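[1] Model the following, please.
(2 chains)
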2 protein chains.
Amino acid sequence: MAEPRYHLAVDAMGGDRAPGVVVEGLEIAAERHPDARLLLVGDEVQLTPLLARAPRAAKVCALRHAPDVIAGDMKPTAALRQGRQSSMRLAIDAVAAEEAEGVISAGNTGALMAMAKIVLRTLSGIDRPAMAAIGPSARGDVVMLDLGANVQCDARNLVEFAVMGDVFARSVLGLPAPTIGLLNVGSEELKGDARVQDAAGMLRASPIGPRFHGFVEGHDIAAGTVDVIVTDGFTGNVALKTLEGGLKTLFNALLTAFASEPQYKEPADALLPALLPLHKEMSPDTQGGAVLLGVDGICIISHGSSGETAMLNAIKLADEMVRAGLVAEITAAFATPS
Amino acid sequence: MAEPRYHLAVDAMGGDRAPGVVVEGLEIAAERHPDARLLLVGDEVQLTPLLARAPRAAKVCALRHAPDVIAGDMKPTAALRQGRQSSMRLAIDAVAAEEAEGVISAGNTGALMAMAKIVLRTLSGIDRPAMAAIGPSARGDVVMLDLGANVQCDARNLVEFAVMGDVFARSVLGLPAPTIGLLNVGSEELKGDARVQDAAGMLRASPIGPRFHGFVEGHDIAAGTVDVIVTDGFTGNVALKTLEGGLKTLFNALLTAFASEPQYKEPADALLPALLPLHKEMSPDTQGGAVLLGVDGICIISHGSSGETAMLNAIKLADEMVRAGLVAEITAAFATPS
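    As a prediction, this is how the structure comes out:
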């Protein structure tokens, strides 16, 4: 098998401010990673002049024309049927054809997950791929999954998510022995429904049992009680958006309060150096995006509102996942012992 | 039917710092509400000396001895069987006997909900009572339910929660035409599983249909996009605790950042008057507790960690619910048209 020609295939047309912001992000990324080899997939009529104004990006990117774009409101089934010549699909195809090691898109999340599952295929032994993301906590980075790939999950799915999250925390975050918690309405063993009860039993009996912390609650996410938080895609999606929305609202309330009286201006300015790192740490752009775990390839799902920073960090995250051999590690974790 | 002798029955033994903090809270409450008539239920050996040191509380409280206490880790089924002489049960019994208009406890939440459902009974036409709470948002108070009374819910339950939340927002918060949102993984009509899809369809066709905003996402909670957020007890419990934990972590991170350099001390002190109201608004104690809606009586579920402020605000909330005639309003909303 030949070495892939490209590190990453980038969907140039995905996201609210594409393709301009994608190329701007690549320009910054190319400055830091001049050895990157990227395949930029999208409308060449729009991309050619953008690359002409982004000389560093132009150096690291090969351009591949895609005549179509997946709209943000297109249903996943429609995207699968009608989107075969879309920038998103052709970028994923490049991974399936082993031309590129991974794909990045800030486009329609549902379409991206559906296409990645069908085109890249789910790894052997895994029932359902899951969306995972790294987030800040009071005690360092926390991996959380599923964040919305599966709105309905059974106990087996939750156990698979735990195994994938564990591999991710070890190989990408570099934690030697990550702790794993199952999100529930209480930390006591008897709490929750049959599904989380069954999943907890299976996890205790599994190879990662010694590092299974048991049930965790919503406040354990930001507290960083465990390294990996496992939940179904409905709860995970709501919890993550609740947290992001709450922090954003609180930051805005702080800024409003500081602007409410003239005498606050000077002290607020003096505290800016203390506030900015916190704001940056909590910005969704800092992580670059979520990842789809359990498919045969690296797949990064960026926010639709991604700016240049998100694009830069998405490329960095994809690179870390490739270097860690994440797909091979997950495959190994699900291999049946012979 | 005679007028109830007591406004509220208070479980003196419920909560991490009971009974001391309960009596302290009542002492403050009695200063503000010297006309309150409260039934304090608990161990008279402990309560008598506490009331002797709390003269205002002693004036407004009648003491009723309860030999037992429901432990924090007792299973609800065990509490129902073995807790007939507990402070929690006797306080609820006083509401069932129409001696008091409502009950407050900061004790074992599961036991309290189970006892309230059995002893007070679920109102006619309602399948499952729900736990609701008022929380702050960028656009005023938001009511959210269910917060954990039902870890599994069907579409009909969600519709009932919406109707109860609507009544609560109108009669207790005084909103003339509250808007209602159903929590989901996306705001588009096609998102989510069959359960939320069915509930949305039923809500659109219901009398509150014109005020049904449709699906809302996690970030809409703090944003205050709607006045009433409806979800199942699993998701609601996780979302609320995630939000509370996230805000607490961010506040702590702010304080740590402000203490990290000596030159931040003076400006941080100067900003304290701007920070304190935000901190207070976001404290769980400010709302005094959650409420159980759908049972025949007022039932306030306070945090186990409730301090005096929480106790004071719980009494205030219970009083507002009684004045609003909440139970009668909910009964009317579920009455079959004749």
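[2] so A:A91 touches A:V103, yeah?
    Yes: counting by CB atoms under 8 Å, A:A91 sits close enough to A:V103 to count as a contact (4.8 Å). Every residue, glycine included, has its C-beta placed from N, CA and C.
[3] anything in contact with each of those two?
    Residues touching both A:A91 and A:V103 (CB atoms under 8 Å, 6 or more residues apart in numbering or on different chains): A:A9, A:V10, A:D11.
[4] Over to the first one. Which of the three states is it?
    Going back to what we said before, that points to A:A9. strand (DSSP: H, G, I helix; E, B strand; the rest coil).
[5] any idea how far A:L120 is from it?
    Distance, A:A9 to A:L120, by CB to CB, to the nearest Å: 12 Å.
[6] again with A:P19
    The gap separating A:P19 from A:L120 is 23 Å, by CB to CB.
[7] And the strands in the stretch 101-250 of chain A?
    A:130-135, A:142-145, A:180-183, A:212-216, A:228-230 (DSSP state E, counting those that start in this stretch).
[8] most neighbours per residue, which of those strands?
    strand A:228-230 (a mean of 31; mean count of other CB atoms under 10 Å in any protein chain shown).
[9] Which secondary structure elements does that strand sit against?
    In this structure, strand A:228-230 packs against strand A:142-145, helix A:155-171, strand A:180-183, with contacts taken as 3 or more CB pairs under 8 Å, 6 or more residues apart in numbering or on different chains; DSSP states H and E.
[10] I'd like the secondary structure assignment at A:T336, please.
    A:T336 - assigned by three-state DSSP - is coil.
[11] do the same with A:V41
    strand.
[12] And it, how far from A:A12?
    6 Å.
[13] Comparing those two, which residue is more hemmed in?
    More neighbours surround A:A12 than the other of A:V41 and A:A12, with 34 against 31 (other CB atoms under 10 Å in any protein chain shown).
[14] residues near A:E44, how many?
    16.
[15] Now it. Nearest residue, chain neighbours left out?
    A:H65 (4.3 Å; CB to CB, 6 or more residues apart in numbering or on different chains).
[16] for chain A, what's the longest helix?
    helix A:233-258 (DSSP state H).
[17] buried residues in the following helix or strand past that one?
    Downstream of helix A:233-258, the first helix or strand assigned by DSSP states H and E is helix A:265-282. The neighbour-count check on helix A:265-282 (16 or more other CB atoms under 10 Å in any protein chain shown) flags A:P267, A:A268, A:A270, A:L271, A:A274, A:L275, A:L278, A:M282 as buried.
[18] just stretch A:105-125 next, same as before
    A:105-117, A:119-120, A:123.
[19] Same question for stretch A:294-312.
    Quick answer for stretch A:294-312 (16+ other CB under 10 Å): A:294-304, A:306-312.
[20] how far does it stretch from start to finish?
    24 Å (CA to CA, to the nearest Å).
[21] any idea of the mean pLDDT in it?
    Stretch A:294-312 shows a mean pLDDT of 86.
[22] again with stretch A:35-43
    Mean predicted confidence for stretch A:35-43 is 94.
[23] Stretch A:74-87 now?
    96.
[24] Other residues contacting it?
    Contacts to stretch A:74-87, defined as CB under 8 Å, 6+ apart, come from residues A:11-14, A:41-43, A:66-70, A:88-89, A:107-108, A:110-111, A:113-115, A:118, B:190.
[25] go again using 6 Å as the cut-off
    Contact partners of stretch A:74-87, identified using CB atoms under 6 Å, 6 or more residues apart in numbering or on different chains, comprise A:11-13, A:41-42, A:66-70, A:89, A:108, A:110-111, A:114.
[26] Check stretch A:281-295 too.
    Under CB under 6 Å, 6+ apart, the answer for stretch A:281-295 is A:113, A:116, A:120, A:122-123, A:126, A:129-134, A:136, A:147, A:164, A:244, A:247, A:299-303, A:307, A:309-310, A:313-314, A:317.
[27] try stretch A:16-25
    Counting by CB under 6 Å, 6+ apart, A:12-13, A:42, A:46-47, A:50, A:54, A:57, A:304-305, A:307-308, A:311-312 sit against stretch A:16-25.
[28] One more: stretch A:105-123?
    With CB under 6 Å, 6+ apart as the criterion, stretch A:105-123 contacts A:11, A:14-15, A:70, A:72, A:74, A:76, A:79-80, A:88-89, A:92, A:96, A:129, A:149, A:292, A:294-297, A:299, A:301-302, A:304, A:306, A:331.
[29] What average pLDDT does that stretch get?
    96.
[30] Quick one: distance of that stretch to the chain centre.
    Offset of stretch A:105-123 from its chain centre (CA atoms, centre = their mean, to the nearest Å): 12 Å.
[31] now the end-to-end length of that stretch.
    Per CA to CA, stretch A:105-123 runs 21 Å from first to last residue.
[32] same question, stretch A:74-88
    13 Å.
[33] That stretch: which residues count as buried?
    A:M74, A:K75, A:P76, A:A79, A:L80, A:G83, A:S86, A:S87, A:M88.
[34] For B:P210, state which of those is nearest.
    A:K75 (27.7 Å; CB to CB).
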